[in-house]
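Engineer: The amino acid sequence is not available; the structure is as follows:
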């Protein structure tokens, strides 16, 4: 009988702390949320909290690293799917059409703003985007039967465009008028981009 792998307690605690930090940043903003605020959200003393994260910059870098790890799992499933483009589209739709990105928008707006002011956060955010571009172009290469380097050269702008659309959609206010119509428009634009890439395989 297969055993479910256990997660180390320290990793679980770190994940709980990062979740508290997400909520604090979303409520008060990156600059408005103090380390005391974040520690309070996590149910910890400030002194104990500093043992995990010495600064807000370190928290943001950990949040980005955590999201990269989550994204890696998504892409592993997409890359082994018989139709990777369709699997990618379903994954994106889950984040957009089903509202999975709604709660993350304010956080990523704060991180994007902080990245413009703080080189360390900017470098971590760029690393994440480069990672996503690398995975997207790997999907495009497998779907069209071309080497990854060729896919990167050919479709890097399309990958960056998809990232921009998903991020912009996530940063919209949940009370945005016609929000559903906007998400549908974003998905139609994504569909056209993915279709153009898929059609290039048929053209050889």
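Structural biologist: In hand now; what should we look at? The shown structure was predicted, so the numbers you read here are calculated from the model rather than taken from an experiment.

Engineer: switch to C-alpha atoms for all contacts and neighbour counts from now on
Structural biologist: Noted.

Engineer: does the residue nearest the centre of the chain count as helix, strand or coil?
Structural biologist: What sits nearest the mean C-alpha location of the chain, by CA atoms, centre = their mean, is residue 67, with 5.7 Å. Of the three states, residue 67 takes helix under DSSP: H, G, I helix; E, B strand; the rest coil.

Engineer: For the helix or strand of the chain with the lowest mean pLDDT, list every residue counted as buried.
Structural biologist: Least confident element among the helices and strands of the chain, by mean pLDDT, DSSP states H and E: helix 105-117 (a mean of 78). Within helix 105-117, the residues that qualify as buried are 105, 106, 107, 108, 109, 110, 111, 114, 115, counting by 16 or more other CA atoms under 10 Å.

Engineer: what do you get for stretch 136-155?
Structural biologist: Buried residues in stretch 136-155 (16+ other CA under 10 Å): 136-144, 148, 151-152, 155.

Engineer: measure stretch 42-51 end to end?
Structural biologist: This stretch, stretch 42-51, spans 13 Å end to end (CA to CA, to the nearest Å).

Engineer: now it: mean pLDDT?
Structural biologist: The average pLDDT for stretch 42-51 rounds to 90.

Engineer: ok, now stretch 70-82?
Structural biologist: For stretch 70-82, mean pLDDT is 92.

Engineer: List the buried residues for it?
Structural biologist: Along stretch 70-82, these residues count as buried under the neighbour rule (16+ other CA under 10 Å): 75, 78, 79.

Engineer: which is the next helix or strand following whichever strand or helix holds residue 72?
Structural biologist: In this structure, residue 72 is located in helix 56-79 according to DSSP states H and E. Reading on from helix 56-79 to the C-terminus, the next helix or strand found by DSSP H and E is helix 84-96.

Engineer: Identify the residues contacting residue 40.
Structural biologist: By CA atoms under 8 Å, 6 or more residues apart in numbering, the residues touching residue 40 are residue 46.

Engineer: I meant residue 87, not that one.
Structural biologist: Residues in contact with residue 87 (CA under 8 Å, 6+ apart) are 78, 81.

Engineer: And it, how far from residue 132?
Structural biologist: Using CA to CA, residue 87 is found at 15 Å from residue 132.

Engineer: try residue 49
Structural biologist: Here the criterion is CA to CA. By it, residue 49 lies 30 Å from residue 132.

Engineer: go on, residue 51?
Structural biologist: Distance, residue 51 to residue 132, using CA to CA: 31 Å.

Engineer: ok, the two, which is more surrounded?
Structural biologist: Neighbour totals were compared for residue 51 and residue 132, and residue 132 leads with 20 against 8 (other CA atoms under 10 Å).

Engineer: right, and residue 187 touches residue 93 too?
Structural biologist: Yes: counting by CA atoms under 8 Å, residue 187 touches residue 93, with 7.1 Å between them.

Engineer: Three-state assignment for residue 129, please.
Structural biologist: Secondary structure of residue 129, per three-state DSSP, is helix.

Engineer: so how far is residue 33 from it?
Structural biologist: Between residue 129 and residue 33 the distance is 25 Å, computed by CA to CA.

Engineer: Report the buried residues of stretch 39-47.
Structural biologist: 39, 40, 41, 42.
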